[in-house]
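**Student:** Got a predicted structure here, sequence first:
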Amino acid sequence: MELTVSIYKRLPHYDLDVSFRVEGETLGLLGSSGSGKSMTLRCIAGMQTPNRGMIVMNNRTLYDSQRKINVPSRQRKVGFLFQNYALFPHLTVAENIAYGLNKLPRFVAQQRVREQLHAMQLIGLEDRYPHQLSGGQQQRVALARALVTEPDLLLLDEPFSALDTHLRSELEKQLIHTLSRYRGLTLFVSHNLEEAYRVCQKLVVLDQGKIIAAGDKQRIFDHPETLAVAQLTGCKNCSTLQRLNTYTLRAVDWHCTLQTIEPITHLHAYVGIRAHHISFFTTADDQPNTFPAWVVWTSETPHRMTIYLKLGTPPVNADDYHLQAEVFKEKWDQLKDRPMPWLVHLNPARLHLLQG
Amino acid sequence: MIWEPLLLSLRVTLVAGVLIFTLGLGLGIFLARTHFPGQIFVSTVLNLPLVLPPSVVGYFLLMVLGRGSPIKEWLGIDVLFTWQAAAIASTVVALPLMVESTRAAIAGVNPEWEDAARTLGSTEWELLVRITIPIAYRGILAGFGLSVARGLGEFGATLMVAGSIPGRTQTLPLAIYDAVQMQRYGLANAMVMVTTTIAFLLLWWVRHMETQHPQSQRRQPV
């Protein structure tokens, strides 16, 4: 099972220009809205035609601008899960799932529908209409409808974005389970990095129609190479840097000088650190990258606390902060009564040196 | 006396209805699903009969169907002053309502439903028949009902191309005019009642089509 995509398409605000290969695993296309990830998916499905390039699935050319090949959607053997599922509103659950099986003998089609109903836990709902289903049930019907025709390729376009948060994790678990039994390739489009991380093994990160990072997901999260990748993978603190020498830099936006472990090159324009990698000391102990800091304000989530910090001098107002740190509530309880300024430590091993 | 014009009106409307349905559905789908240069021009021309005086529509029809026209001179088809001419007049005057309703109903079908059908193996024709038209059918039928009601009441253009020949081309609206001219108010009353009742029932059905959406027709919540 392999898919090779190399396409170029002119779009109103930027040009989509992406090339990647998938083999066996689930590939995530991660990017902010309007980065071209959905357009890429629609080109692969044949709903949009690129200006040039090629798309090859298991040695079957789906699109090749030079050889003038453009296989229509209906012959591409792709399953597509739409953001809002696009269930046919005038057909029941069973009829929706059976839609693509009309060329099979009736009893074979019925058998396949039954299997899908069973696998997706939709037994008892077969005569309902889409609007009579919950969001999660709708998603399962859409997935059953896409999988029942046994496509070579399954394309998932932001499948969880239409759901309430409490449903997401449950459905995500089901989806991962379903995908593990599915023999074809899966492309998963998302703007949610944690979701993409959980569902996929490999990631392609898109920005303005270009691939800015690709490869193993852990590597991308641990070593983002550019500012855009760092931000897209959730790095909350980024500053422009001035290189002082190979292992020393000035973080311009944070007004501090930092030691690094990675050598700093002239390509590096930014330094970043993830919010949960910022730590707090009680004594300086000659540790590098330790600075006095004031808490500007805090923002609470059920289990975590986000702390907005200003280094060096007390803040003048609530917008006057340099860094966001994130700690668990237990840690916060230990921290909160300490006198200001606190000692904030930016671990050299946790700093990301980023290109622009 | 009332049966003759009534039956004639029904015959004219039946033929006009078939023409309106096929032409209107085709044109409506075409206008909703294609984009070509001059599209606005085409749809404006198609809508002209809605606003032109019926005498002007009738005049154009005389030019198209009458002496000197290709249809008459080359094909030898002479329909003027027959009930078929009345059916053509009804069709032309009522067609814009059908085209517009169909166009709007088809344009209201979420393109993602069609994209989904394509990935599931449907040809364009198949998805039109299995997805687009079934989802849009209420709007299409509402437009059809409106057109038939309009065609049934057609007067001016019909008078110009079919005349008002009792028993041959004198449809209900023309017969009412005639009856009033001859001060036969009893007859006029009866025909007015019949016409109004049919029109009312048709419009009522149109309303019903437009407003009462069965459960399965509702859009999915987004």
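**Tutor:** Perfect, I can see it now. Numbering: from 1, shown residues only, chains lettered A, B, ... in the order given.

**Student:** quick one: average confidence on stretch A:157-167?
**Tutor:** The average of the pLDDT scores along stretch A:157-167 is 83.

**Student:** which other helices and strands contact the helix-or-strand element of chain B with minimal mean pLDDT?
**Tutor:** When the helices and strands of chain B are scored by mean pLDDT, DSSP states H and E, helix B:70-73 comes last with a mean of 79. On a contact count with 3 or more CB pairs under 8 Å, 6 or more residues apart in numbering or on different chains; DSSP states H and E, helix B:70-73 meets helix B:54-65. C-beta coordinates here come from the backbone N, C-alpha and C atoms, glycine included.

**Student:** Mind listing residues that contact the helix it packs on?
**Tutor:** B:49, B:69, B:71-72, B:79-80, B:85, B:88-89, B:92-93, B:154-161 (CB atoms under 8 Å, 6 or more residues apart in numbering or on different chains).

**Student:** Weed out the non-buried ones from those residues.
**Tutor:** B:49, B:69, B:72, B:79-80, B:85, B:88-89, B:92-93, B:154-161 (16 or more other CB atoms under 10 Å in any protein chain shown).

**Student:** In PDB, list the C-alpha atoms belonging to the longest helix seen in chain A.
**Tutor:** Identified as the longest helix of chain A according to DSSP state H is helix A:165-181. C-alpha atoms of helix A:165-181 as PDB (Å, rounded to 0.1, in the frame of the first residue of the first chain):
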ATOM      1  CA  THR A 165     -15.400  18.000  23.100                       C
ATOM      2  CA  HIS A 166     -16.800  15.300  25.400                       C
ATOM      3  CA  LEU A 167     -17.600  13.100  22.400                       C
ATOM      4  CA  ARG A 168     -14.300  13.600  20.800                       C
ATOM      5  CA  SER A 169     -12.100  11.400  22.900                       C
ATOM      6  CA  GLU A 170     -14.600   8.500  22.700                       C
ATOM      7  CA  LEU A 171     -14.900   8.800  19.000                       C
ATOM      8  CA  GLU A 172     -11.200   9.200  18.500                       C
ATOM      9  CA  LYS A 173     -10.700   5.900  20.300                       C
ATOM     10  CA  GLN A 174     -13.300   4.200  18.100                       C
ATOM     11  CA  LEU A 175     -11.700   5.700  15.000                       C
ATOM     12  CA  ILE A 176      -8.200   4.500  15.900                       C
ATOM     13  CA  HIS A 177      -9.700   1.100  16.500                       C
ATOM     14  CA  THR A 178     -11.500   1.100  13.100                       C
ATOM     15  CA  LEU A 179      -8.400   2.300  11.300                       C
ATOM     16  CA  SER A 180      -6.300  -0.500  12.900                       C
ATOM     17  CA  ARG A 181      -8.600  -3.000  11.100                       C
END
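
**Student:** any idea which helix or strand comes after it?
**Tutor:** Past helix A:165-181, further along toward the C-terminus, the next helix or strand under DSSP states H and E is strand A:185-190.

**Student:** Can you name every helix or strand that the helix or strand following that next one contacts?
**Tutor:** Using DSSP H and E, the helix or strand that follows strand A:185-190 in sequence is helix A:193-199. Helix A:193-199 sits against strand A:26-31, helix A:165-181, strand A:185-190, helix A:217-222, with contacts defined as 3+ CB pairs under 8 Å, 6+ apart.

**Student:** Kindly recompute the last result at 7 Å.
**Tutor:** Under the contact criterion of 3 or more CB pairs under 7 Å, 6 or more residues apart in numbering or on different chains; DSSP states H and E, helix A:193-199 touches strand A:26-31, helix A:165-181, strand A:185-190.

**Student:** The helix or strand following it - what's its average pLDDT?
**Tutor:** Using DSSP H and E, the helix or strand that follows helix A:193-199 towards the C-terminus is strand A:202-207. What strand A:202-207 shows for mean pLDDT is 92.

**Student:** Give me the nearest residue to the one residue in chain B that gets nearest to chain A, chain neighbours excluded.
**Tutor:** Taking CB to the nearest CB, chain A has its nearest neighbour within chain B at residue B:120, 3.3 Å off. Nearest in space to residue B:120, with sequence neighbours left out and distances taken as CB to CB, 6 or more residues apart in numbering or on different chains, is residue A:100 at 3.3 Å.

**Student:** just for chain B, where's the confidence low?
**Tutor:** B:212-222 (pLDDT under 70).

**Student:** Now find how far off-centre the longest helix along it is within its chain.
**Tutor:** Taking DSSP H as the assignment, the helix of chain B that covers the most residues is helix B:3-33. Between the centre of helix B:3-33 and the centre of its host chain there is 5 Å, according to CA atoms, centre = their mean, to the nearest Å.

**Student:** List the buried residues of the helix or strand that comes right after it.
**Tutor:** Note on helix B:3-33: by DSSP H and E, the next helix or strand toward the C-terminus is helix B:39-51. For helix B:39-51, a neighbour-count test (16+ other CB under 10 Å) marks B:46, B:49 as buried.

**Student:** hmm, who's touching helix B:39-51?
**Tutor:** Contacts with helix B:39-51, where a contact means CB atoms under 7 Å, 6 or more residues apart in numbering or on different chains, come from B:27, B:31, B:57, B:92-93, B:95-96, B:99.

**Student:** my guess is residue A:14 contacts residue A:208, does it?
**Tutor:** Yes. Under the criterion of CB atoms under 7 Å, residue A:14 makes contact with residue A:208 at 4.7 Å.

**Student:** Can you list the low-confidence ranges for chain A?
**Tutor:** A:284.

**Student:** which parts of stretch B:131-142 are buried?
**Tutor:** B:131-136, B:138-142.

**Student:** so how far is that stretch off the chain centroid?
**Tutor:** Counting by CA atoms, centre = their mean, stretch B:131-142 is centred 16 Å from the centre of its parent chain.

**Student:** do stretch A:226-234 as well
**Tutor:** Stretch A:226-234 sits 11 Å away from the centroid of its parent chain (CA atoms, centre = their mean).

**Student:** Stretch A:163-183 vs chain B: in contact?
**Tutor:** No. Using CB under 7 Å from any CB of the partner chain, stretch A:163-183 stays clear of chain B, coming no nearer than 11.5 Å.

**Student:** Contacts for that stretch next, please.
**Tutor:** Against stretch A:163-183 from outside (CB under 7 Å, 6+ apart): A:26, A:135-136, A:139, A:143, A:147, A:154, A:159-160, A:186, A:195, A:198-199.

**Student:** quick one: buried residues of that stretch?
**Tutor:** Buried, per 16+ other CB under 10 Å, within stretch A:163-183: A:163, A:168, A:171-172, A:174-175, A:178-179, A:182.
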